[in-house]
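Peer 1: Whatever this is, show me its structure:
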Amino acid sequence: MSGPTLSRRRIMQLLGAAGVTAAAMTAEADPAMAAAADDSPAAGYRAPTGLAQDSPAKASALAWITANADQVTGLNSEIWENSELSLREWKSSLAEAAFLEKAGFRVEFGTAGFPTAFTATFTSGSGGPVLGFSGEYDALPGLSQNKGVGHHDPREYVHDPFAPSYGPGHGCGHSA
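Peer 2: Model (predicted):
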């Protein structure tokens, strides 16, 4: 059974019209939800201010990102091309860990008992900031993971991180 597809914006409008999300649709509760509920691109939304004040630490971080933009973009592309399912992100987690180790982080795998999860620690001096992030890079089964594809074109998935080659016909996610 197929029917018309609804956009996220249209679903939010319908829920808002039904009174389901009236409280959450205000800019004070969630500015992004309020902006998504309106047809105009920026209706009523004002970006928060004062969240990222200029500082030497911010300048240093931005300089590092600028200097390493090609490597960051390359890592992003590599993870996308791996398209590994949840809890099987072997190549992606190894690629990210290698990237962080090259940047001076100490990497320990097995965080929270998950073999592909890791903790990366960078120490310089004492009393500095502690940053944490969660890399969410698992693919969803049966969905298109190929770049620029606007139709249903799911990849094949091979979960062996030690498979000998990854080209057409070898289960890298591309059909033969």
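Peer 1: Any regions of the chain where pLDDT drops low?
Peer 2: 1-5, 8-43, 145, 155-176 (pLDDT under 70).
Peer 1: now with 50?
Peer 2: Across the chain, the ranges flagged by pLDDT under 50 are 20-27, 165-176.
Peer 1: which residue ranges form the helices in it?
Peer 2: 8-17, 31-36, 56-67, 69-82, 90-102 (DSSP state H).
Peer 1: and among the ones you listed, the most buried is which?
Peer 2: Of all those, helix 90-102 carries the top mean neighbour count, a mean of 17, counting by mean count of other Cβ atoms under 10 Å. Quick note: C-beta positions are derived from backbone N, CA and C, even for glycine.
Peer 1: how much does that one deviate in direction from helix 69-82?
Peer 2: Between helix 90-102 and helix 69-82, the angle comes out at 160 degrees (axes from the mean of the first three to the mean of the last three Cα atoms, to 10 degrees).
Peer 1: Can you show me the CA trace of helix 90-102 as PDB?
Peer 2: The C-alpha trace of helix 90-102 is given here as PDB (Å, rounded to 0.1, in the frame of the first residue of the first chain):
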ATOM      1  CA  TRP A  90      34.800  -1.800  12.200                       C
ATOM      2  CA  LYS A  91      36.400   0.100   9.400                       C
ATOM      3  CA  SER A  92      34.800   3.400  10.400                       C
ATOM      4  CA  SER A  93      35.900   3.200  14.000                       C
ATOM      5  CA  LEU A  94      39.400   2.100  13.000                       C
ATOM      6  CA  ALA A  95      39.600   5.100  10.600                       C
ATOM      7  CA  GLU A  96      38.400   7.600  13.200                       C
ATOM      8  CA  ALA A  97      40.700   6.200  15.800                       C
ATOM      9  CA  ALA A  98      43.700   6.400  13.400                       C
ATOM     10  CA  PHE A  99      42.800  10.000  12.600                       C
ATOM     11  CA  LEU A 100      42.700  10.900  16.300                       C
ATOM     12  CA  GLU A 101      45.900   9.000  17.100                       C
ATOM     13  CA  LYS A 102      47.700  10.900  14.300                       C
END
